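Student: Need a 3D model of the following:
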Amino acid sequence: MKFQPKTEEEISGVNLWAKGNYAFEILEAEETTSNSGNEMIKLKVEVFKDDGKSQNLFDYLLGHVMEFKLRHLAEACDLLADYENGELEAYKLVGKNGYCKVGHTKPNDDYPIIRNQIADYLVDSPAQEKTLTEVTNDDSVPF
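Tutor: Numbers count the residues shown, from 1 in each chain. Purely as a prediction, here's the structure:
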């Protein structure tokens, strides 16, 4: 087999996207148990760039870790009532879409390559997150 050898940096840069907000769709959602025995939801999420390219990212949500992320996901997927009742069923997430904030993992001894990860789910679309300067320069805003 012939191939072009690459450095660790070149390998990690192939699929690394710029940090930012991207559209998503949840492809799979499974209720499972973490290695430490806690209930969690494992998600397979397709994330889309504006140019149509996409990438599948996995996300693991635990009720007591990064609580803001679980709430934001529920709200972004119109499941806030379920969240507020203290139970979010994984099957209800499949097919839901919205926007998420993509960040990067930190390299460590177990996995030295930097990867994309979902840092949070956005309750409002990125278009609604304009800065004051952008809004005041927008001719469609009636003030």
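Student: contacts, neighbours, all on C-alpha from now
Tutor: Fine.
Student: what lines up beside the longest strand along the chain in the sheet?
Tutor: With secondary structure taken from DSSP state E, the chain has its longest strand at strand 20-33. According to DSSP bridges, strand 20-33 forms sheet pairs with strand 39-48 (antiparallel), strand 97-104 (antiparallel).
Student: got the buried residues for it?
Tutor: 21-26, 28-31 (16 or more other C-alpha atoms under 10 Å).
Student: Which helix in this structure has the most residues?
Tutor: helix 67-76 (DSSP state H).
Student: Work out which residue lies at the spatial centre of the chain.
Tutor: residue 118 (3.1 Å; C-alpha atoms, centre = their mean).
Student: tell me the secondary structure for it?
Tutor: Three-state assignment for residue 118 (DSSP: H, G, I helix; E, B strand; the rest coil): strand.
Student: How about it: what's its closest non-neighbour residue?
Tutor: Counting by C-alpha to C-alpha, 6 or more residues apart in numbering, the nearest residue to residue 118 once its immediate chain neighbours are dropped is residue 102, at 4.6 Å.
Student: Now do the contacts for that neighbour.
Tutor: For residue 102, the contact set (C-alpha atoms under 8 Å, 6 or more residues apart in numbering) comprises 18-22, 116-120.
Student: Correct me if wrong: the residue nearest to the centre of the chain contacts residue 60.
Tutor: No - using C-alpha atoms under 8 Å, residue 118 is not in contact with residue 60; the gap is 9.7 Å.
Student: Using JSON lines, please lay out the buried residues of strand 20-33 together with pLDDT.
Tutor: What follows is these, written out as JSON lines (pLDDT from 0 to 100):
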{"residue": "21", "pLDDT": "95"}
{"residue": "22", "pLDDT": "95"}
{"residue": "23", "pLDDT": "95"}
{"residue": "24", "pLDDT": "96"}
{"residue": "25", "pLDDT": "97"}
{"residue": "26", "pLDDT": "97"}
{"residue": "28", "pLDDT": "98"}
{"residue": "29", "pLDDT": "98"}
{"residue": "30", "pLDDT": "97"}
{"residue": "31", "pLDDT": "96"}
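Student: Thanks again, I'm all set now.
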